[in-house]
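Enquirer: Using only what follows, build the 3D model:
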Amino acid sequence: MANTSRKTTDNENEQKEPKEQKEQSELPGPMAVLRAAQTQLAELTGMTAESVSSFERTENGWLLEIEVLELARVPDTMSLLASYEVQLDPQGELTGYRRVRRYERGRSDPHNK
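Expert: From the prediction side, this is the model:
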């Protein structure tokens, strides 16, 4: 009998890799998701994303709270900022957003969330 064994190639090994494990290894990391969220929100709203005040992975993807400059004023302490809750899928694509509060830059938050 002839020896029919052969080496497996990297491509064949990739095909044997479980689909779930492969999908998970292709997911973006937290920093990539954070940057993508800021960019996507700025493109959709036309407003500048200033900072991310909350960031967490959820069962459905990611949930962030991003601070956005809504209206620039002089002096800068009178500028209007807003916090937006931003939802992303596991790949980092924005699936929804909503404004959760609006405030002047120079004012402290009167209540704790």
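Enquirer: packing partners for the helix or strand hosting Thr95?
Expert: Using DSSP states H and E, Thr95 sits within strand 94-104. When contacts are defined as 3 or more Cβ pairs under 8 Å, 6 or more residues apart in numbering; DSSP states H and E, strand 94-104 packs onto helix 30-45, strand 61-71, strand 80-88. Using the backbone N, CA and C atoms, a C-beta is placed for each residue, glycine as well.
Enquirer: Direction included, what does that strand pair up with?
Expert: Strands adjacent to strand 94-104 in the sheet, as given by DSSP bridges, are strand 80-88 (antiparallel).
Enquirer: what comes up buried for the strand it pairs with?
Expert: By neighbour count, with 16 or more other Cβ atoms under 10 Å as the criterion, the buried positions of strand 80-88 are 81-84, 86-88.
Enquirer: Around Ala49, count how many other residues there are.
Expert: Applying the criterion other Cβ atoms under 10 Å, we find 22 residues in the vicinity of Ala49.
Enquirer: Only alpha carbons, please: show the strand holding Thr95 as CSV.
Expert: Listed in CSV are the C-alpha atoms of strand 94-104, where the atom choice follows Å, rounded to 0.1, in the frame of the first residue of the first chain:
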residue,chain,number,x,y,z
LEU,A,94,-22.3,51.7,15.3
THR,A,95,-25.8,50.3,15.6
GLY,A,96,-27.4,53.2,17.5
TYR,A,97,-26.9,56.3,19.6
ARG,A,98,-28.8,58.7,21.8
ARG,A,99,-28.1,61.9,23.7
VAL,A,100,-28.5,61.2,27.5
ARG,A,101,-27.6,64.7,28.8
ARG,A,102,-26.5,68.2,27.8
TYR,A,103,-24.5,70.6,29.9
GLU,A,104,-22.2,73.6,29.9
